[in-house]
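*Asks:* below are the sequence and a predicted model for it; my questions follow.
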Amino acid sequence: MPFHFLCFFPSHPINGVGSPCRSSPTKAPLPHRSLYSHSHMEEKPSRTTCSTDLCFAIFTSFALIWIFLCFDYSTFRSSDNGVLIASSVFSTNKLPLQNPCSGRYLFIHNIPSRFNLDLIRDCQSLTRGTDKSDMCPYFQNSGLGHEIEDSRGVFFNYSLFKTNQFLLEVIFHNRIKQYECLTNDSAMASGIYVPFYAGLDISRHLWNPNISARDSSARDFVGLISEKPEWKRMFGRDHFFVSGRISWDFRRKTDEGSDWGSTLRFLPESHNMTMLSIEASSWKNDFAIPYPTYFHPSKRSEVVEWQNLVRARRRPHLFTFVGAPRPDLIHSIRGMVIEQCRGSSLCKFMDCSSNGVNCDDPITTMKAFQSSTFCLQPPGDSYTRRSIFDSILGGCIPVFFNPGTAYSQYLWHFPENRTSYSVYIPVRDASNWSGSIEGSLKGISKERESAMREEVIRMIPRIVYADPRSSSWDFEDAFDLAIKGILERVEDVRRKIREGRDPGEGFDDPDDFKYTFSSID
């Protein structure tokens with residue numbers, strides 16, 4: 001609302017200055033209220049309130065105040081770090097406050113404990129499926145495992161835990177329970193999370209030739225979920241669950257006992273759900289998210305300290321391979337990598353076979369990654385490896401030999417420009433490959449090497465899962481990026497519905513070229 005000023009000027013000269021003015025009605029002057037009280041003046045002015053000069057000063061002051069109050073101080077923010085330089089609570093044109101959870105609400109299904117918590121209580125039954133003598137200790141600290149006490153100066157006692165690579169679904173469940181935009185009203189939810197521990201469940205039966213035992217929980221699970229009212233809204237296309245095992249463990253195509261895994265992802269109801277796992281299949285309803293690492297920070301400052309730590313590390317080895325030979329995989333890339341590493345004085349080979357180094361020791365493993373410039377990441381039993389993420393955590397530049405190891409997998413978490421953070425040496429046929437890993441890496445300039453390492457260090461917060469027991473996260477971690485990806489996927493389905501298109505279009509189709517070399521060439 002604009003200000004209106006009414007100024008009364010004196011009707012006669014004041015101190016020799018004549019001004020036209022408007023006088024107030026004649027009344028006896030009140031000396032103590034006069035704006036001008038000079039002892040040498042014989043005549044008091046009639047009831048006047050200001051001179052021309054004073055009125056102009058008052059008007060100018062009010063105008064400046066009005067401009068001051070209307071100014072938008074939101075422009076006084078640093079574009080680099082969001083630090084507030086100046087702020088004001090005064091604004092006449094502020095937009096209405098928006099709900100920060102709009103489009104981000106998640107609903108968690110309440111399902112019987114036999115699909116999740118009972119598996120943890122019966123942790124002894126999980127041993128065979130994970131190749132650990134006892135899985136129970138790994139469930140401490142909300143699935144992070146026990147804290148690591150570092151006496152060798154590798155970690156400097158940051159938020160480090162002995163985390164098992166197969167417990168992603170437990171960590172994710174505990175993390176999502178702290179999500180800031182949960183709702184008990186499923187109608188408000190943009191996504192629906194189902195806490196089925198599919199990986200832990202199948203790990204009990206993977207080596208069981210009885211396919212009925214392998215498929216029992218999967219069939220019960222989809223039957224239960226598809227009968228709930230939330231399913232009917234989008235027929236499950238807004239539903240997602242998480243697995244700590246690779247997607248291929250749930251895509252058995254036959255009923256032969258010798259065939260691997262369960263049929264979970266081939267069940268009709270499961271087609272409409274999205275599964276997040278440590279390695280995706282070639283179907284479009286499977287998405288890969290990072291393996292858990294040993295580092296689970298509670299706040300951004302811990303991440304920054306860790307980044308500074310690995311940035312300052314001295315790296316005496318040009319390249320490193322941490323892993324075990326696979327004698328049963330004839331002419332494998334892994335065998336070729338080990339052979340070349342052993343034959344180079346610039347490579348450190350950390351043998352994880354039963355007669356080698358204990359690679360379950362996080363300190364030993366991370367020390368190797370922190371001491372090397374490049375870390376070799378060939379496929380192993382499957383396309384991906386946990387070592388990818390442990391090496392990035394150590395500030396080591398990954399070297400990939402197959403697009404299915406990273407580039408076609410972690411689309412939500414890795415930079416689109418693969419050359420910015422990694423080296424790609426395509427090996428289509430290891431038996432006929434005669435290239436030199438050492439020669440390829442020595443040909444990289446120091447400038448490019450430094451730029452890649454810095455990009456790898458910048459990736460660290462994106463590939464770690466924050467401590468789910470905390471509530472003070474102030475950085476975007478792997479969980480946040482996974483949720484963002486899911487919400488965008490569900491919104492894409494809703495957009496198709498609004499446009500009158502088939503919501504199932506491209507939702508669960510196979511992608512036969514996803515892991516071929518032509519996919520990135």
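*Replies:* Now that the structure is in, tell me what you want to look at.

*Asks:* the helix ranked longest in the chain: which residues count as buried?
*Replies:* Ranked by residue count, the top helix of the chain under DSSP state H comes out as helix 478-498. Going by neighbour count (16 or more other C-beta atoms under 10 Å), the buried part of helix 478-498 is 478-483, 485-487, 489-490, 493, 496. The C-beta positions use only the backbone N, C-alpha and C, and glycine is treated the same way.

*Asks:* now Ala198: closest residue in space that isn't a chain neighbour?
*Replies:* The shortest distance from Ala198 to any non-neighbouring residue, by C-beta to C-beta, 6 or more residues apart in numbering, is to Ser243 (4.5 Å).

*Asks:* do you know how far that neighbour is from Tyr197?
*Replies:* Separation of Ser243 from Tyr197 (C-beta to C-beta, to the nearest Å): 8 Å.

*Asks:* follow-up on the earlier one: any idea what the residue nearest to Ala198 is bridged to?
*Replies:* Under DSSP bridges, the beta-bridge partners of Ser243 are Ser277.

*Asks:* and it, what is it in contact with?
*Replies:* Remark: with contacts taken as C-beta atoms under 8 Å, 6 or more residues apart in numbering, Ser243 is in contact with Leu168, Glu169, Ala198, Gly199, Asp249, Phe250, Met275, Leu276, Ser277, Ile278.

*Asks:* what mean pLDDT would you report for the longest helix of the chain?
*Replies:* Averaged over helix 478-498, pLDDT sits at 98.

*Asks:* could you do stretch 122-142 as well?
*Replies:* The average of the pLDDT scores along stretch 122-142 is 82.

*Asks:* still on that earlier bit, need the buried residues of helix 478-498 in a markdown table (columns: distance to Ile425).
*Replies:* Formatted as a markdown table, the buried residues of helix 478-498 follow (distance: C-beta to C-beta, whole Å):
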| residue | distance to Ile425 |
| --- | --- |
| Ala478 | 26 |
| Phe479 | 32 |
| Asp480 | 32 |
| Leu481 | 27 |
| Ala482 | 29 |
| Ile483 | 34 |
| Gly485 | 29 |
| Ile486 | 33 |
| Leu487 | 36 |
| Arg489 | 32 |
| Val490 | 37 |
| Val493 | 38 |
| Lys496 | 40 |
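
*Asks:* tell me the one of the residues you listed nearest Tyr105?
*Replies:* Nearest to Tyr105 out of the buried residues of helix 478-498 is Leu487 (C-beta to C-beta; 9.3 Å).

*Asks:* distance of the closest one relative to Cys352?
*Replies:* For Leu487 relative to Cys352 (C-beta to C-beta), the value is 38 Å.

*Asks:* also Gln124?
*Replies:* Taking C-beta to C-beta, one finds Gln124 at 25 Å from Cys352.

*Asks:* now do Val427
*Replies:* 21 Å.

*Asks:* any shared contact partners between Ser243 and Tyr197?
*Replies:* With C-beta under 8 Å, 6+ apart as the test, Ser243 and Tyr197 both reach Glu169.

*Asks:* which SS state does the closest residue to Phe479 other than its chain neighbours fall under?
*Replies:* Distance criterion C-beta to C-beta, 6+ apart; nearest residue to Phe479, sequence neighbours excluded, is Arg175 at 5.0 Å. Following DSSP: H, G, I helix; E, B strand; the rest coil, the label given to Arg175 is helix.

*Asks:* ok, now how distant is Arg175 from Ile388?
*Replies:* Counting by C-beta to C-beta - Arg175 and Ile388 are separated by 21 Å.
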